[in-house]
Structures are given as structure tokens and as C-alpha cells.
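Chemist: Here is my input; please provide its structure:
(2 chains, ligands or ions: 2)
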There are 2 protein chains.
Amino acid sequence: MTGSRVGDYRILQEAALRDYLAGLPEIAALLGGAPAGWAITEVGDGNLNLVFIVKGNRGGIAVKQALPYVRLVGESWPLPLSRAHYEYLALSRQAELAPGLVPALLHHNETLALTVMELLEPHVIMRKGLVAGTRYPRFVEDITTFMARTLFFTSDLALTAAEKKDAIAAFAGNHALCKITEDLIFTDPYRVAAQNRWTAPYLDGLAASLRDDMELHVAISRLKLKFMASPEGLLHGDLHTGSIMVTEGETRVIDPEFAFYGPMGFDVGAVLANLLMAYFASSGHERAPGERQAFESWVLQTVEKVWNGFARKFLGLWRTEARGDAYPVSLFAGDKGAARLEIERQAYLQRLFTDTVGFAAAKTIRRIFGLAHNIDFELIEDPKSRAISEARAVRLARGMMVEAVAFRTIADVTGAARKLRDWQPELSG
Amino acid sequence: MTGSRVGDYRILQEAALRDYLAGLPEIAALLGGAPAGWAITEVGDGNLNLVFIVKGNRGGIAVKQALPYVRLVGESWPLPLSRAHYEYLALSRQAELAPGLVPALLHHNETLALTVMELLEPHVIMRKGLVAGTRYPRFVEDITTFMARTLFFTSDLALTAAEKKDAIAAFAGNHALCKITEDLIFTDPYRVAAQNRWTAPYLDGLAASLRDDMELHVAISRLKLKFMASPEGLLHGDLHTGSIMVTEGETRVIDPEFAFYGPMGFDVGAVLANLLMAYFASSGHERAPGERQAFESWVLQTVEKVWNGFARKFLGLWRTEARGDAYPVSLFAGDKGAARLEIERQAYLQRLFTDTVGFAAAKTIRRIFGLAHNIDFELIEDPKSRAISEARAVRLARGMMVEAVAFRTIADVTGAARKLRDWQPELSG
Ligand SMILES: Nc1ncnc2c1ncn2[C@@H]1O[C@H](COP(=O)(O)OP(=O)(O)OP(=O)(O)O)[C@@H](O)[C@H]1O
Ligand SMILES: Nc1ncnc2c1ncn2[C@@H]1O[C@H](COP(=O)(O)OP(=O)(O)OP(=O)(O)O)[C@@H](O)[C@H]1O
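Modeler: Ligands and ions are numbered 1, 2, ... in the order given. Coordinates of the predicted model:
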């Protein structure tokens, strides 16, 4: 891993990137052969940044460079380059805490807002696999390890209060990225906003009902406040299935540029929400009724196993690795103390579950009425069929947000999802 | 207001302080006359710092200098000088937000960890007045304004998320002072700790029962976690009646060196706890039974008015000054939205009340079993009588901490306190 600061920011397109990489001996050696022979392809299907795949005759790398604006929208929506540095900081920390579950970091240049990392190959973006109905046997084990370890070890259960405050401060500057989440997830879908869109005309009525639903507005506002003012641990901050690359046997979490200290349930809820959306979208991808039944059962089982596995691993870490200032061991000495602390651990996880349910709902609604949609639904070609899938997801999400505490276990969530599998919503238009 | 950085830190005793002040033209002019004629007295009855009163023939000032260690304990307990800078930052912010309720800032020297401020005269430390049975008619109005304004305007209700994150980061470095609170308030009184003390032998049994009370240990641990990881607003951080200077007609809050972004209930709870302790201590200061009845009624009325006045002012600010990112107005448009938001405001205050009840309990227990006691109890000469007063306060506090939600209104708190006024605890020894 090398690092340098060279001159001012400039966008590195193919030729400039080739020269830049040729100047990094370790990277050049890794690629192999003459720089002129390296194959450089821009693959950034993302919304925000440039991503290049570079291949030499020995190996390959991925190069990510931040642009000073939102790529999807253009220069009219500026976004600070510093996000690349926060992504790098988060990636470094995640690599320490969850080794092997993020791409290896090879080089970072803060001035250029550029990071070179391991090329993930033949990994695919998990969301694409889910749309195709592919199951990933390794996923539960890996994502639960990733979340349990990155969240636990950055929390007050593992850090001293001083370390925690320093860590919060180190990510405080990433507020422009947080602001995107605050607006696009926690505000816009619930009001008239130019960037909103949905499957019209079928969901027009539903969109209007969300804008008029004051119980929902209170619930989303409480979640927004929690997002802004509950620095429980270092979040990935954008942990959807488009930020996870998988093979049958491997899982890698990418793209933590939204990282900051926030409420743990936001990350866990993101994973659950995206699985639930894959579930509701699945019927829209059927070519024959029931064709994807095995896949759909796998998705709901995965939802259950993700929560249960996460909770089990988080509790396990708490039992053996708690060196932080919260819940001091000296207050829970002896058998009686140990027993009482164990009950409190369960209660803590139950509170975290309630948060998770609410955040999962927020993540769902934004994908159906906000700016950024996902291909799970978007690739359902028939708009009516798409709207039906989306309406089912929204019905579940509305309940999860407004009555989060009524969902006591993850089986309550999957049970409710299963009941909605064939529910026929009333559509507009 | 002038500011400078001159050389390295050194402790300024009388002569050096005189020279230093003589070199500050605005301060010298304010004092008046020749520096040699200035009367300098060290009055720091505090635990941590040096405080000098300096008087010239025109006016007077107070000068506070941090020592690199805890004054009460000595050089064996080092404490960073940077706390003086955080105190200065907090004082500046409080002066903007609650004008006239803190001493005016006249000069700050970060290197010397020294602040010059307005001399408060003839103000007395409120705790001393309460021990003497004095009532302060202006207090409720002022302290509720101070708390409502400093907490509201530093919260997510008034700030953008970006401003809030920057503000949190600006105080993150004050963690050594937070650590004192974490240890002395939220941990030590509930375990064997060398620095603990209590009115022995009478409270030996009670002290042991607290160390063995796992419900209490869970409750104090939840409060500790909230203290560490809920940056709701800029706290004074040590808002007891020893940090408030009063006359009949004026109130000034001093000594915000524990300032940081934390849970609002911690400040409000501090004020309530210290009034409740004044109430329970009062019988110990009687020379004749019932002598201080009018004072005691005033104290309990004050407890009620402090909470109710704070809540009313905080709600009022929320209704008219909410320019922050939380609870966006665009989600609560129209009469229906306004009505629903108003219900949510009440619910928010109810949650804050529950926190306040818990933190008030924590503040009480630490004064009876921890390192730092208060003169309300300490000046009760007869140890048995002191133990009785303390045991009553602890009985209320234990209930408030373990069943905080059972206290729905502040009248539930004062009602419970009144019932304990003549309760006869079983004492040890
Ligand atoms: N290390 C890698 N190896 C292989 N491909 C990668 C790697 N990192 C990123 N990619 C590819 O580049 C795409 C965009 O990457 P990334 O998600 O990090 O960028 P982004 O601009 O932040 O996207 P978005 O904002 O949409 O999440 C990924 O979807 C993936 O296809
Ligand atoms: N502006 C002022 N005018 C008059 N007296 C003051 C002023 N500031 C402080 N004092 C006096 O000095 C004492 C100590 O001040 P202060 O509480 O700020 O110091 P401290 O060392 O932080 O104390 P502690 O740690 O015990 O709270 C006060 O109790 C008060 O008597």
C-alpha cells in the first residue's frame, strides 16, 4: 500500500490514468508488462464516481476516482471530493475489522480523490444476481460477520469513550454524503420533490397517500433524527445489494463513501430491505408462475438468517470482546451480574431490531418513490406488474415504519412479507 | 474582548498575574489605577482550577486558570489544560444564545488556559444560599431560559445536520472531562472504588445494597451509554447549584468546562437533582421543627416550575424557531400536519422528561456515595441526621432511575419527594 499527494485535483481519463499508474512501481509490477499494453475500461455504472478496471498481463486492479459533482446529475449538483478520503478511511477500518470481506486497498491519493484496489473477479454485483434469481450460499455467513464486526468494534461496547469521540470527529466532515441520505431517504419521498419518481400512473394514489400520511411523517422524522444524532458505530452508510459483490463462495462489500458514525440499525436495515425488495420483485421476473419459488424461499430464509446471524455474532462479540466504556464489567460481576447483563444484552438487541425494522422500511420506500430506484423493480418491464410488486413492498414497509415495535422477531417480518406475496393492490390510472 | 497566545503555559500566581493583566490595556483600564494597587485574592473553592478576584479602583474581574491536574487531588491526577478552551468556547456560545445569563467574557489565552471574565458581585453560589434557606424568585425564569435556549439552539431542531456534526466535532476533544463524569457519576458509586465515600457507618448497608442492585446497574449503564453516545445538544455538563451564582434579581451560570454534545436530560436533570437534594437536606439544617417549611415548599415548587417552564420554553422555540434538519416543516404542512407535529413535540418532551428523571437520579446518587459530595448534605453536622436526609434522597433516586417511565409528570417526582420528607430509613451501625 503506497500513498502520495501529487499536485492538484484533475480528472484522470484513460491516458492520464495510464501515466499515473505507470508512476506507481508496486501497482505497475502487479499489472505486469508495458503500460501501453494495459487494458483500461471505465465500468462505473454507479451514480457518483468514475471506476476503471485496468488489466495488465500479470494482474488487474480497480481504480475509483471521485468527481466534484454527482455523476448521475452533472455539475449542477456539486459534491465534495473529500468523500473519497472518507471512503478510504472506512475501507481501511473495515479491512482491519472484517478481513477478507472488502477489496484490498492498494493505493490512495487524497488530492486526486483516487483509490486503487483489488480487482474483484469474477464477482458480480449481488443485485444483478438476485434479479436473475441466483442464490448465494456464502452470503449470510459473510455479511453477518461484516456487520457484526464493523459495528461492534466501532461502538461504545468496544471503544473507550475518548476513542469513540475521536472516531466520530474523524468522520464528521463527511456531512455532504449524509445530507444526500437525509434528503433522499428521510424527506423527499414523503413530500412533493422535483426528483421524486414512481411507476405512474399506477402508484399515483399510493404516492399521494404517503405524502398525506402524518403517522408515517412522524415515524420517518424520528428515524431521520436518529440517523443524524445517534453515533452508535461506524456505518457503511449505503449497504444495499448494489454495494456487495459476490461469487458462490465469496462476498465483498464495496463503496463505503457514505461512511459515518450513525445508528447501527441503518446498515442492518439496508441489507434486509434490499433482500425484501428482491423478494417482492421476484414475481415480476417470472416467465412461468411459481418458477422462482425456490429462489423466493431462499430470499426469505436469508432475511431471517441475516438478522439472526448478525444478532448471534454481535452478542458473541459482546460476551468475549467488550473492552469499551459502556456496560462496565465491574458492574456485572459474579453469576448474578452475568445473568442480568445477559438479559440486558438481549434487550439491547431487541431495541436494535426495532431500529432495524424502521430503517429497512425507510430504505424500501425511497427506492419506489424517491430519486434512486433499483433494478430489482426497474427491470420488470411491464409497468403494471412492476407497480404491483412495488405496492406490496410499500405495504409491508409502511407497517414496519409506523409499528416497528409490533415486529418482535424477524419471523414477524418474513411472515408479513409472505402474506403479501400474492396480495392484489388497488392501483391508480 | 481581546485574545492572544503568549509563550508557553505557566501558572500565574499573584505577581505574575498582576504583570500579565497590566499588559492587557482593556482589562487594565477596566480595573483602573496602578497595577500595584490592584487587590488580588484567590477564591477558588473549586475542585479543579485557580480562580482569582482582582479589584482596582474602578472595577473588578474574575480570572480563571486551569491547572494541569485536578486541584482537589494534586499532580497525581493530571487533567488537560485544553478544558479551559472548551470552557471558553461553551461560554461564548452560551453568551450568544442566553445573553445576560453567563458572565461576560473579557479575555481568553489558550496557551495559558486562562480566561478573564466579568466579576459577579454581589452574587453568591446558589448552593450556599439554599443551605441557608434563601429563596431566589428570579431563578426559575432565568434557568429555564438558559436551558431551553442553549439546548434548543444547539440541537438538530435548530441546526442543519452539517452544522451539528461540526459542532459535535469541535467539542469531541473535551473527553477527559467527560471521562470524569463517566467514572464518577455513572460507574464508581455502583462498585467498590477507592474514591467512594459516604456517611459511615449509617449508610454502609445502603452503599452495599447499591453495589449489589443489578436493576440499578442496568439502569445506570443505559444512562451512561446515553451520556456517551447521544449528542443531542451542547450541554453545560456540570449544571449543579454550585455552578450557578445568584442574587435576588439575577442568575448567572458559570463553569462550563465539562461542556460537550450530549443528552439534554443530563443538564435538566442536574438542576432538578440539586434542588431535590436541597429539599432533602433542609430538615438537617433546621434549628426548630418546621422552621424551613416555607423554604421547602418553595424548593418543590421550583422543581415543578423548572421542568414545566423549561418544557414550555423549549416547545415555544420549536414552534417558532425550528430551522434545523430534524422534523422538516415540509412534512407537516397544513392544519393536519401542524396538529400531528404538535402531538409529536409533546411526545419528544415526554421522552426528554424520562431521560431527565434518570439523569437526576444519577446526579443524586453520586453526591452521596461517590467522590464529590455537596455542602447541602456535608454541612449537616450530625452524621446520623445527615444520613437520614441522604437515605431519603437515595430512596427517591433509586426509584427514579429504575422506573423512570413511571414518573409521567414532574408532580409525580415532587409528590414522591414530599412523601419521603419524614420517612425514617433503617440505618446501619
Ligand atoms: N474492486 C472492484 N472490482 C471490480 N469491480 C468494481 C470494484 N469496485 C467497483 N467496481 C464496479 O464499479 C461499479 C461502481 O463502483 P462503486 O459502487 O464503488 O461506485 P459509485 O460511483 O459509488 O456507485 P453508486 O454511487 O451507484 O453506489 C460497481 O458497481 C462495480 O461494478
Ligand atoms: N465570574 C465570577 N465572579 C465571581 N466569582 C466567581 C466567578 N467565577 C468563579 N467565581 C468563584 O470561584 C469559584 C470557583 O469557580 P469555578 O466553579 O468556575 O471553578 P472550578 O475550579 O471549575 O470549580 P468546580 O470544579 O468545583 O466546579 C466559584 O465557586 C465562585 O465562588
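
Chemist: Determine the next helix or strand in the C-terminal direction from the helix or strand that contains residue A:358.
Modeler: Element membership for residue A:358, per DSSP states H and E: helix A:334-369. Using DSSP H and E, the helix or strand that follows helix A:334-369 towards the C-terminus is helix A:375-378.

Chemist: what about that next one and ligand 1, touching?
Modeler: No - Helix A:375-378 is not in contact with ligand 1 by CB under 6 Å from any ligand atom; minimum separation 11.2 Å. For glycine as for every other residue, the C-beta is placed from the backbone atoms N, C-alpha and C.

Chemist: I'd like the distance from residue A:387 to chain B, if you could.
Modeler: Residue A:387 sits 24 Å away from chain B, going by CB to the nearest CB, to the nearest Å.

Chemist: would you say that residue is within a strand?
Modeler: No - under DSSP: H, G, I helix; E, B strand; the rest coil, residue A:387 falls outside any strand and is assigned helix.

Chemist: pLDDT score for it?
Modeler: In this prediction, residue A:387 carries a pLDDT score of 98.

Chemist: Tell me who's in contact with it.
Modeler: For residue A:387, the contact set (CB atoms under 8 Å, 6 or more residues apart in numbering or on different chains) comprises A:199, A:202-203, A:425, A:427.

Chemist: From the residues you listed, which land in strands?
Modeler: Taking DSSP state E, every one of these sits outside strands.

Chemist: from these, which single one is nearest residue A:183?
Modeler: Top of the list for closeness to residue A:183, among the contacts of residue A:387 and by CB to CB, is residue A:203 at 20.7 Å.

Chemist: Tell me how many other residues surround residue A:258.
Modeler: By other CB atoms under 10 Å in any protein chain shown, the residues close to residue A:258 number 23.

Chemist: Correct me if wrong: it contacts residue A:240.
Modeler: No - if you go by CB atoms under 8 Å, residue A:258 and residue A:240 don't touch, sitting 10.6 Å apart.

Chemist: tell me the secondary structure for residue A:242?
Modeler: Under three-state DSSP, residue A:242 falls in the helix class.

Chemist: list the contacts for it?
Modeler: A:125-127, A:274, A:374.

Chemist: Return the closest of the residues you listed with respect to residue B:347.
Modeler: Nearest to residue B:347 among those, counting by CB to CB, is residue A:274 at 30.7 Å.

Chemist: centre of the chain versus the helix or strand that contains the closest one, how much separation?
Modeler: Using DSSP H and E, the element containing residue A:274 is helix A:264-285. When C-alpha coordinates are averaged (CA atoms, centre = their mean, to the nearest Å), helix A:264-285 and its chain have centres 11 Å apart.

Chemist: where along the stretch 151-300 of chain A do the strands fall?
Modeler: Secondary structure of the stretch 151-300 of chain A (DSSP state E, counting those that start in this stretch): strands at A:233-235, A:244-246, A:251-253, A:260-262.

Chemist: Reformat those into CSV and put distance to residue A:16 next to each item.
Modeler: Listed next are the strands of the stretch 151-300 of chain A as CSV, based on distance: least, CB to CB, whole Å:
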stretch, distance to residue A:16
strand A:233-235, 33
strand A:244-246, 27
strand A:251-253, 28
strand A:260-262, 31
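
Chemist: want to throw the ones you listed into a markdown table with mean pLDDT?
Modeler: Putting those into a markdown table (pLDDT from 0 to 100) gives the following:
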| stretch | mean pLDDT |
| --- | --- |
| strand A:233-235 | 99 |
| strand A:244-246 | 98 |
| strand A:251-253 | 98 |
| strand A:260-262 | 98 |
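
Chemist: which one is the residue nearest the centre of chain A nearest to, not counting chain neighbours?
Modeler: Chain A has residue A:239 as the residue nearest its centroid, 0.8 Å off, counting by CA atoms, centre = their mean. Distances taken as CB to CB, 6 or more residues apart in numbering or on different chains put residue A:270 closest to residue A:239, at 4.2 Å, once the chain neighbours are dropped.

Chemist: Look at the residue lying closest to residue A:110 once chain neighbours are set aside and give its secondary structure.
Modeler: Nearest non-adjacent residue to residue A:110, counting by CB to CB, 6+ apart: residue A:85, 5.2 Å away. Classification of residue A:85 by three-state DSSP places it in helix.

Chemist: what sits against residue A:85?
Modeler: A:108, A:110, A:113.

Chemist: remind me which residues of chain A are low pLDDT?
Modeler: For chain A, the stretches flagged by pLDDT under 70 are A:1-7, A:46.

Chemist: Let's see that with 50 instead.
Modeler: Along chain A, the parts satisfying pLDDT under 50 run over A:1-6.

Chemist: Can you pull the domain assignment for it?
Modeler: Here the domain parsing of chain A from automatic domain parsing is A:6-118, A:124-420.

Chemist: burial measure for residue A:127, as a count.
Modeler: Residue A:127 is flanked by 21 other residues according to other CB under 10 Å.

Chemist: And it, how close does it get to chain B?
Modeler: As for residue A:127, its distance to chain B is 28 Å (criterion: CB to the nearest CB).

Chemist: That residue is in contact with residue A:375, isn't it?
Modeler: Yes - assessed by CB under 8 Å, residue A:127 is found in contact with residue A:375 at 6.1 Å.
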